[in-house]
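1. Here you go, sequence then predicted model.
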Amino acid sequence: MSAWDTIKTAFFGGLTFLFFFVIWIYNPFVHHTEYEVPSQMEEIINDPKAAVEGRELFKTMCASCHSVRYDGMYLMSVASKPEFKKILDSFGTLIRIDEKTKEKVMFLPRDVYEAIAMNDLLMLKSSFGKIPPDLSTMYLSRGEGYLYNFILKPQEVLPGTSMPAVMTGQEENTAKIVAYLKSVSEPSKGEKVKRTIMGILVIGYFIAMGFLLWIWRKKLLANMGYGH
Amino acid sequence: MLGKIVDWIDERAKVRDLYQTQMVDYKVPKNLTFPYVFGVLALITFAIQVISGIILLMYYKPIIAHAFDSANYTIMKEIPFAWLFRHMHAAGANFFLAVVYLHMFTGIYYTAYKKPRELTWIVGWVIFFVLLLTALSGYLLPWGQLSYWGMVVTTEIPTSLKDAPVLKGLFGAIGETVSIWMKGGFTLGDIALGRFFGLHVLFLPLTLMALLGIHLYLVRAAGISNPDGVEIDKKKEGVPFHPYMTLKEGAFAMGYLALFFYFVFFNMHHFLPADNFEPADPLKTPPHIAPEWYLLAFYEIFRSIPSKFWGFIAFNLALVFLLILPFLDFSPVKSARKRPLFFAMFVVLVISTMALTILGLMPPTPTNAKLGLFFAAGFFLFFLSLPVISFLEWGWYKAKGGQE
């Protein structure tokens, strides 16, 4: 390769690499808002035991307005309706069996749930101005930093929000609730390890195959008299 | 045993002949450079998309009450390993477009669209267009906020025709009709989701497959182009396609798959954007709506031109210029290696396209709009300069004693 060829290759290769780095990995031209979480609280958020406690806390502190349908957590007022259990049996699918209570945790399709919860949802709308969202995927869309700060001080993070400040001064409990929401959205620790091992094996397989193909080709071509 | 089975098939289907003529006796230039691999990579990615798509199709429900939950609960949490196929499908869509763009730029750089390969380029352009439609329709299916509002913005684009300088009423009516026809009503609902689902899983992939077959046939029929821009005498200079080229590109493909699976397992935050994990809400407009990165260059051309009508015309023109590229460039000389003027303009094109894409993600401030206009001009300058360059090159070609 001549010097000019090297320059061209480096130019186009470098430009392509830089371009995909900006659009796929980190874009410095777009504003990113970072929300800080104290390191102690972050430990709680990452603790699976805290997530179990967080579920109980969620039931008492949040479930009067918010559901987490992906974890079989419904509005208190809806879950206590006499016909609700029958509806779960008819339309629900099993998520898991609760370890402590041995009760079935059931998933209910959105339309079925909203139909039975409509009155309760509208009541919440009349007092808060909007229907409080279901929080099943909120961890994925907002991230732990936003959730922790928002639950603790709603008005500071999102001025004008209709979310009441119910957790003021309870940093640890807030972190436990975030831990619970995280546990709903993220795979468990064991599953994550499995996925990481699987990923490394797959990537390693393809790299190894690439090298083997290259070596095989060199040998084959030498035998055929092409050299390189 | 295996040999006997192949013998049995060979007696009836003549597969060994096919293999000999199509793989071994098929000769390609020895000096093919690395970027020639992008065609093969696109083919591999298409296979990945079909396989992962079929698996997702089994669990996805195309009605708005269930679409979001089927994507984020059933597929991501309930069915074992379905997450892997969703990751592959989402990353694959991005990789597919990326590889196709690289393939197109390679084609432009080596002027692989010139005679006798014009038809290959044109069919390739149709593949690109169908691919954009596939990506666009597939993006709606998870029914998140980005899916919904992205499609709202897309289906509103034809209504910019009503800003036409003449015949406002007529253009307005056409734009409005097209917009309603795309949406299947005045708002995006079950009908829109159903039709985009149908397009995405059946019509568009089948069209792609057919076009891909034609594209590959045309590549074989016209022969592969050459980085040096000269047609080789295949009997003397060519190397056998197999094993010379297949193993080389196979090795590159393995590296590509390694990179692809790195993203699938460890870096999905761009391909499954956070904002799309919020269910679609027609009453809540998200603060930033931008199309996916592969449309941003066109979107930025549309956005930075102050008049919506002319913006609409300009971004359609960008697509049309790409289509008629073989006819804009009528120079007898092939490959940017031998065309210094063309090379300079190619650099302008590459930088303009990249800058337009990055600008498309930024807020539309006046400075950014001016920059957008500047780079849009750079984009069009490439296409408009081609006839001039070709004219000059004909002169040089003849002065050097070239034959017509």
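-> Everything's here; your move. Here the structure is a predicted model, which means the values were calculated and not measured. Numbering: from 1, shown residues only, chains lettered A, B, ... in the order given.
2. domain ranges for chain A?
-> Split into domains by automatic domain parsing, chain A comes to A:1-32, A:39-187, A:188-228.
3. Spit out the contact partners of residue B:279.
-> When contacts are counted by CB atoms under 8 Å, 6 or more residues apart in numbering or on different chains, residue B:279 touches A:134, A:137, B:68, B:143, B:144, B:145. Glycine gets a C-beta too; all of them are placed from N, C-alpha and C.
4. switch the cut-off to 10 Å
-> Residues counted as contacts of residue B:279 (CB atoms under 10 Å, 6 or more residues apart in numbering or on different chains) are A:110, A:133-134, A:136-137, A:141, B:64, B:67-69, B:72, B:142-145, B:147-148.
5. So which residues of the stretch 301-404 of chain B form helices?
-> Using DSSP state H, counting those that start in this stretch, the helices of the stretch 301-404 of chain B run over residues B:308-323, B:325-328, B:340-360, B:366-399.
6. Same check on chain A?
-> With DSSP state H, the ranges of helices along chain A come out as A:3-20, A:39-45, A:48-61, A:76-79, A:84-91, A:110-128, A:138-152, A:154-157, A:171-185, A:189-224.
7. between the ones you listed, which gets nearest to chain B?
-> Of all those, helix A:189-224 sits nearest to chain B, with 2.9 Å by CB to the nearest CB.
8. buried sites along that closest one?
-> By neighbour count with 16 or more other CB atoms under 10 Å in any protein chain shown, helix A:189-224 contains the buried residues A:195, A:199, A:202, A:203, A:206, A:209, A:210, A:213, A:214, A:217, A:221.
9. about what we covered before: quick one, which of the domains of chain A is nearest to residue B:176?
-> Using CB to CB as the measure, domain A:39-187 is the one of these that comes nearest residue B:176, at 31.4 Å.
10. so which of the domains of chain A is the most packed in?
-> domain A:39-187 (a mean of 17; mean count of other CB atoms under 10 Å in any protein chain shown).
11. starting at the chain centroid, how far to that domain?
-> Centroid separation between domain A:39-187 and its chain, computed with CA atoms, centre = their mean, to the nearest Å, is 14 Å.
12. Identify the residues contacting the residue positioned nearest the centre of chain A.
-> Closest to where the C-alpha atoms of chain A average out (CA atoms, centre = their mean) is residue A:140, at 3.2 Å. By CB under 10 Å, 6+ apart, the residues touching residue A:140 are A:181-182, A:184-186, B:72, B:76, B:269, B:272-278.
13. same check, this time on residue B:369
-> Residue B:369 is in contact with B:300, B:303, B:304, B:305, B:306, B:359, counting by CB under 10 Å, 6+ apart.
14. ok, now with 8 Å
-> By CB under 8 Å, 6+ apart, the residues touching residue B:369 are B:303, B:304, B:306.
15. So what's the residue count around the second one?
-> What it means is residue B:304. Residue B:304 is flanked by 23 other residues according to other CB atoms under 10 Å in any protein chain shown.
16. So it sits against residue B:373, correct?
-> Yes: if you go by CB atoms under 8 Å, residue B:304 and residue B:373 touch, sitting 4.8 Å apart.
17. ok so, going back, out of the helices of chain A, which gets nearest to residue B:118?
-> Proximity of the helices of chain A to residue B:118 was assessed by CB to CB; the nearest stretch is helix A:3-20, lying at 24.7 Å.
18. Deepest-packed of the helices of the stretch 301-404 of chain B, please.
-> Most buried of the helices of the stretch 301-404 of chain B by mean neighbour count (mean count of other CB under 10 Å) is helix B:340-360; its value is a mean of 19.
19. circling back to that earlier point, what's the pLDDT at the residue nearest to the centre of chain A?
-> Each residue has a pLDDT score; the one for residue A:140 is 95.
20. Over to residue B:277?
-> Reading off the confidence values, residue B:277 has pLDDT 95.
21. burial count for it?
-> Neighbours around residue B:277, by other CB under 10 Å: 23.
22. go on, the one 10 residues further on?
-> Here the neighbour count serves as a burial measure; for residue B:287 (other CB under 10 Å) it reads 6.
23. Quick check: phi and psi on it?
-> Per-residue torsions, residue B:287: phi -60, psi -40 (degrees, to the nearest 10).
24. Report the separation between it and residue B:363.
-> Using CB to CB, to the nearest Å, residue B:287 is found at 10 Å from residue B:363.
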